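1. what follows is a predicted protein model with its sequence.
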Amino acid sequence: MPQAQQVSAILEQINQEMIQLDLWQSTMPSEEALASVEPFCCDTLSFPQWLEFIFIPKMNMLIDSKLPLPQQLVILPMAEQSLTNGNCASLISLIAQLDTLFIEQT
């Protein structure tokens, strides 16, 4: 299966897992919060907000537009640091799978 299809499938699983964990929000953060230049917008967004409002939409846009995906992706350490609730183990596992796809492709 091509990398883009694998990434898309895992992004959908992450989306569904976040909904199940009640981490998915319906209210968009402010434009200022979304415009942060810090990694993961850590100064303005929670990690789940970054996933929902920045990362997943950007990755889906790249896939839908058939644009190149990043050469490297390493978000697991931030996920492990941010998602400390024991209920998040499956979400962290999905993020680990996503990171692995980029390690294997380089």
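-> Done, it's in. Small disclaimer: the values here were computed from a predicted structure and weren't measured.
2. ok, and the closest non-adjacent residue to residue 6?
-> Spatial nearest neighbour of residue 6, excluding adjacent residues (C-beta to C-beta, 6 or more residues apart in numbering): residue 101 at 5.5 Å. C-beta here means a position set from N, CA and C on the backbone, and glycine is covered the same way.
3. that neighbour reaches residue 11, doesn't it?
-> No - using C-beta atoms under 8 Å, residue 101 is not in contact with residue 11; the gap is 10.7 Å.
4. ok, those two, which is more surrounded?
-> More crowded of residue 101 and residue 11, by other C-beta atoms under 10 Å: residue 11, with 19 against 15.
5. could you name the helices and strands sitting against the helix or strand that contains the more buried one?
-> Using DSSP states H and E, residue 11 sits in helix 3-20. Helix 3-20 is packed against helix 56-64, helix 89-105, with contacts defined by 3 or more C-beta pairs under 8 Å, 6 or more residues apart in numbering; DSSP states H and E.
6. identify the residues contacting the shortest one?
-> The set of residues external to helix 56-64 that reach it, using C-beta atoms under 8 Å, 6 or more residues apart in numbering, is 4, 7-8, 11, 14-15, 67-69.
7. got it, and the last one?
-> Applying C-beta under 8 Å, 6+ apart, the external contacts of helix 89-105 come out as 3, 6-7, 10-11, 13-14, 17-18, 21, 23, 69-76, 79-80, 83.
8. picking up where we left off before, only whichever of the contacts of helix 56-64 are buried, select them in PyMOL.
-> To isolate the buried ones among the contacts of helix 56-64 in PyMOL, judged by 16 or more other C-beta atoms under 10 Å, type:
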select buried, resi 4+7+8+11+14+15
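9. among the contacts of helix 56-64, which two are most distant?
-> Largest separation among those by C-beta to C-beta: 15 and 68, giving 22.2 Å.
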